[in-house]
Structure formats: C-alpha cells, structure tokens
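# I need the structure of the sequence given here:
(chains A and B)
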Amino acid sequence: MTNLEGHIKQRIIDQLRLPMEDLDPRQSFSDLGADSLDLSELLISFEQTFGVRIPPESAQNLRTVGNAIDFIVSARAK
Amino acid sequence: MNTLQVDLAPRAQAGPRPSQAFRRVVVTGIGCLSPLGNDLDTTFANLLAGRSGIRPITRFDASDHSCRIAAEVSGFDFAPYARHPRDVQRTDVFAQFAIACADMAVASAGLQLEKLRRERVGVCIGTGVGGLQVIERQQQKLLERGPRGVSAFLIPMFLGNLASGHVAIRFGLRGPNMHVSTACATGTQAIGEAAWTIARGDADVMLAGSAESAITPLLLSGFAAARTLSTRNDEPARASRPFDRQRDGFVMGEGAAVMVLEEEQHARARGATIWAELAGYGLSSDAHHITAPEQSGAGARDAMRMALERARLSPDAIDYVNAHGTATPLGDLAEMRAIQSVFGEHARSRLWISSSKSMIGHLLGAAGAVEAAVSIQSLRTGHVHPTTNLEEPDPECHLDFVPREARERKLFAVMSNSFGFGGTNATLIFKHYH
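So this is what the prediction gives:
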C-alpha cells in the first residue's frame, strides 16, 4: 500500500467516522453506511485534501474505496 | 386605557366558542436543556434557588462586542444521543438539543412507541433562528475556498424544520410534522399548534417544543445593533433585570424543551402519569412595528384573553404567570399593562408573576418551550421561582413579581406568555388534570 493510498483510506475512515483501522478496496461506500450526502461530503473532502478536481461524470463512478484510490492516484499523477 | 377597553372588548368576546367536539390535551412528559441544567429537574431546582446561568461568552472571542455575556448551555454532550458517530457532524446544535430533549421527553412519559400507531404520533418543534452556527461556518468556507468548499450538509443542517425531521426519523413518527418560527414566540406557538393538532383529531400524540442555539458573533452583533441587549458585562448574574428600573435589555441564551402532548383518553388508556392539562392557547398580533411592542399591551392582552376563553377560565383562576419579561425597557412595560388589563384587581392582589429570563436569559425561539416546562413544574409542585435582580421595581411595575425568593402555595392554573419580533403574541394555560 502506497503512502497516498493509506492517506485516502484514512480520510474515508475519518470522514465517515468508521470504527475500523483499514479498508478493503472492494468495499462500496454504501456498504460502509454512507448515504448520498455523506458521499458528496466525502468528495468535497477528497478535493480539499488531495488537491484534485472530481467532475460530476467521474463522481458517479466512485462507488468503492478502490475506485476512489484509483481516481485520486491517477488524477495526481497527471 | 378606558378607550381601548371599550374599543376592544367586543373583539375579545367574538368568535366561535370552544366546542365539546375538541378533544382534551394533556402533558405526560418533558425533556429540557437550559443554561441552568441539562434536564428539567436540575433547571427547575436552580431557578427556585435563584441561581443565574449568565456568564461571559465562551463560544467565541467576544472581546470586541458591546455585549460579552450570555446564558450558554454547558456540559452538553450529544454523543450519547447519536445513533451513529456521523450524526454529530450532520446536525447543527439546535437540532442536537431538540433530539436530546425529545429523547428525555419520551423516556419521562414512559411512551412505548413500538406499541403506538405511529402515523398518529407527530412532531412540532420550532426554532426562531435555525442553524446559524453552520451558516456562519460555511459562509466562511465559501469565502476562503470558493463554492466547491461548501458542505453537502449545509442545507439539512440549517433548515429550521430539521429538528422536527430528525425527531420523526429517530422515533419513526409518521404523523403531522411541523415547524413554527415566530421569533421569540416560537416555543409557545409550537406547543399550542401541536395541541390543536391533537384537539382537532389529526394526531393522538405530539412531541412539541422548541430549540435554539444561536449565540454566534453574527446574531450577537445584530441584536446589539438593534440595541436590545444588556451591556452589564461586568456583572453577568445581575444583567438580566426584568421589571427593574435599571433594566437595560435582554441577555441571549440557548436551550430547548420538548414535551409529550397526548389526547386525554389516549394517555389514560396506557396508564400514563398526567402532569397537567393544556387548557388554553391564545394568539394575536400587535400589527404595529417589526420590533417594538405596542405600548398599551393590547396585542399581548388579546392573546391572554383568548387563552382564558379557550380554557373557559376566569382571570382570577390563574395563580401564576410566567411572564415573557425580557428586561427590555419597552417590552416589560407593555406586558405589565397587558397583565393589568386582563387581570384587573386580581393582578394587584393574589396573582404571582415571575420571569425565568432573569436567570436563564432569553432563549429566543426556545424561551416559550422552556418557560412552559417551568410553568408546568410550578403547577405540579406549587413552587414558583423568583424574578431575580428586581431590586428597585420600575415605578409602573407595581405588581407582585415574586422578587428575591421562591414561594410556595397550591396553584390551580398557570399561564406562560411569549411575544416575538413582528408583533406576534402567544399564551398557554396549563391546569391540573381532573
């Protein structure tokens, strides 16, 4: 796990106030109990924390922890 | 004054009489959070002891404000009431107060909600201001980070009706869900409207009350600009002085109260302890000015008279009035005149009047609910808290405002008044249930 990947997971844990220490990339946000508002808030926090811009068409596809990690890692590599 | 009495007497008599078709409404439980305690018993005991909840503001640095004192709720932790840790960041403090008070009210009423038809159980919790704390924080984020920095929770956190919404979601209450926002009359009207909802048959149980937590730099500045606040910063406990000659405005407070209102037969059928009957509710408007009360007190008088009519009580049946009594120079005089006009000789002989605001400050939209809760405790126990800081009464305020010390006697019926900016007036009457 890269450092960035760890940071993203930690951001998700903090934002959703999850009682766990690590996340499986296959877990979906809805499985983690997030509703649409939580998800919107999470995207805002990704943008603020990692300096990326998540356009609406990409936001729709961020359904799992792994989706979010892939998107942010790739956006920051550009 | 004679002219007004002649002029308006027919109006007080007009309108439909209370009919047997209306169902009786009783109070079976109360939850309360105030600057003098995080439950009703503590709040009431501290009021009887004449303690003040007014202190220097701790929520933010108020050093450049003309008023630097307030009555804050202290030691409140929402975590035990939250269903998920996320709830804390999804609810503004006023809604957290409402949820906590609803929880306490349901517990104190012994309501077993799973046994009730929850489409017949509703909620009416008001707020005068709504989620101002989140508005101010998010406005700051908008300025600092731009539109993409604004929280997705902004809207569901600041909307005033979300207190009622959260409580309905928490307990699965699918009956009428309402919100009242009539400035400082909010709590009284929310309880009154909830009672009418039951009386006319649209619900059997209502969780009713109001919540406020808006001691913020913006609101403090606004009230200060309108010159409504006391600036007795060096003597916080002596700052709120209803009916006193030296009064110089109100002190902002925060808190909440929610009560369980129930149709009489519904309460009896489940063997509930009935705390009081909500006997009367009156409403009126000054139709005069956006902030200043009409100086004869005609509007306040009409609300009190309507409540008496609905309760089918003569004025001398009221033993205690929990006054609006904000300690603004004009407001106290108008209320004093209204009380004199409604109660006549009774006001000068047996009527006890006191202002909770002398100790807990002005809870704005929550004032009416907390003061109704206090009035019910007075009715139940016979104990009436004093009006503190009434050292030299205003020359015109010569009624019995229960100065200095609490008193005790058997009370038959009690009245609670609230008046708000916009000229809105509301009165509730509670009496023993027989």
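
# Could you report the neighbour count for residue 61?
Just going to use chain A. For A:Asn61, the neighbour count with other C-beta atoms under 10 Å in any protein chain shown is 12. Heads up, the C-betas are built off the backbone N, CA and C, glycines and all.

# meant chain B actually
The criterion is other C-beta under 10 Å. On that basis, B:Asp61 has 10 neighbouring residues.

# Distance of it relative to chain A?
Here B:Asp61 is placed at a distance of 26 Å from chain A (C-beta to the nearest C-beta, to the nearest Å).

# Can you classify that residue by secondary structure?
Here B:Asp61 is coil, with the state taken from DSSP: H, G, I helix; E, B strand; the rest coil.

# For B:Gln138, see how far away it is.
Counting by C-beta to C-beta, to the nearest Å, the separation of B:Asp61 from B:Gln138 is 20 Å.

# B:Asp41 too?
For B:Asp41, the distance to B:Gln138 (C-beta to C-beta) stands at 37 Å.

# And for the most centrally placed residue in chain A, nearest residue in space, chain neighbours not counted?
Geometric centre of chain A, nearest residue: A:Ala68, 4.2 Å, by C-alpha atoms, centre = their mean. Leaving aside its sequence neighbours, A:Ala68 sits nearest to A:Leu62 (C-beta to C-beta, 6 or more residues apart in numbering or on different chains; 5.1 Å).

# Could you identify the longest helix within the chain?
Just going to use chain A. The helix that spans the most residues within chain A, counting by DSSP state H, is helix A:36-50.

# actually chain B
Chain B, longest helix under DSSP H: helix B:93-109.

# And the helix or strand just after that one, how far out from the chain middle?
Next helix or strand after helix B:93-109 toward the C-terminus (DSSP states H and E): strand B:121-126. Relative to its chain's centre, strand B:121-126 lies at 15 Å (C-alpha atoms, centre = their mean, to the nearest Å).

# The chain: strands as residue ranges?
With no chain named, the answer covers chain A. For chain A, no strands are identified by DSSP state E.

# other chain: chain B
For chain B, the strands defined by DSSP E occupy B:25-33, B:55-56, B:69-70, B:121-126, B:177-178, B:205-212, B:255-263, B:276-285, B:320-322, B:352-354, B:383-384, B:407-408, B:413-420, B:424-431.

# tell me the most buried of those strands?
Highest mean neighbour count among the strands of chain B (mean count of other C-beta atoms under 10 Å in any protein chain shown): strand B:205-212, with a mean of 35.

# Which neighbours in the sheet does that strand have, and how are they oriented?
Here strand B:205-212 has these sheet partners by DSSP bridges: strand B:121-126 (parallel), strand B:255-263 (antiparallel).

# Spell out which parts of the stretch 51-200 of chain B neighbour chain A.
Contact residues, the stretch 51-200 of chain B versus chain A (C-beta under 8 Å from any C-beta of the partner chain): B:84-86, B:88-90, B:145, B:148-153, B:156.

# Out of the residues you listed, which end up buried?
B:86, B:90, B:149-153, B:156 (16 or more other C-beta atoms under 10 Å in any protein chain shown).

# Could you report the separation of B:Arg337 from B:Lys357?
Counting by C-beta to C-beta - B:Arg337 and B:Lys357 are separated by 18 Å.

# Settle it for me: which of the two has more neighbours?
Between B:Arg337 and B:Lys357, counting by other C-beta under 10 Å, B:Lys357 is the more crowded of the two (28 against 22).

# And the more buried one, how close does it get to A:Ala77?
61 Å.

# Quick one: low-confidence residue ranges for the chain.
Looking at chain A here, since you left the chain open. A:1 (pLDDT under 70).

# should've been chain B
In chain B (pLDDT under 70), the answer is B:1-20.

# can you do 90?
Scanning chain B for pLDDT under 90 picks out B:1-21.

# Residue nearest the middle of it, spatially speaking?
B:Gly368 (1.3 Å).

# That one reaches B:Glu212, doesn't it?
No. With contact defined as C-beta atoms under 8 Å, B:Gly368 does not reach B:Glu212; the gap is 10.3 Å.

# Mutual contacts of the two, please.
B:Thr186 (C-beta atoms under 8 Å, 6 or more residues apart in numbering or on different chains).

# B:Leu173: how many residues sit nearby?
Here the count is done by other C-beta under 10 Å, and B:Leu173 has 25 residues near it.

# To clarify, my last question referred to B:Gly192.
B:Gly192: 30 neighbours (other C-beta under 10 Å).

# who touches it in this structure?
B:Gly192 makes contact with B:281, B:283, B:426, B:428, according to C-beta under 8 Å, 6+ apart.

# pretty sure B:Ala413 contacts B:Ser375?
No. Look at B:Ala413 against B:Ser375 with C-beta under 8 Å: they stay out of range, at 9.9 Å.

# Spell out which residues are contacts of both of these two.
Contacts common to B:Ala413 and B:Ser375, judged by C-beta under 8 Å, 6+ apart, are B:Phe430.

# Now do the helices in chain A.
Using DSSP H, the helices found in chain A span residues A:3-15, A:36-50, A:56-59, A:65-77.
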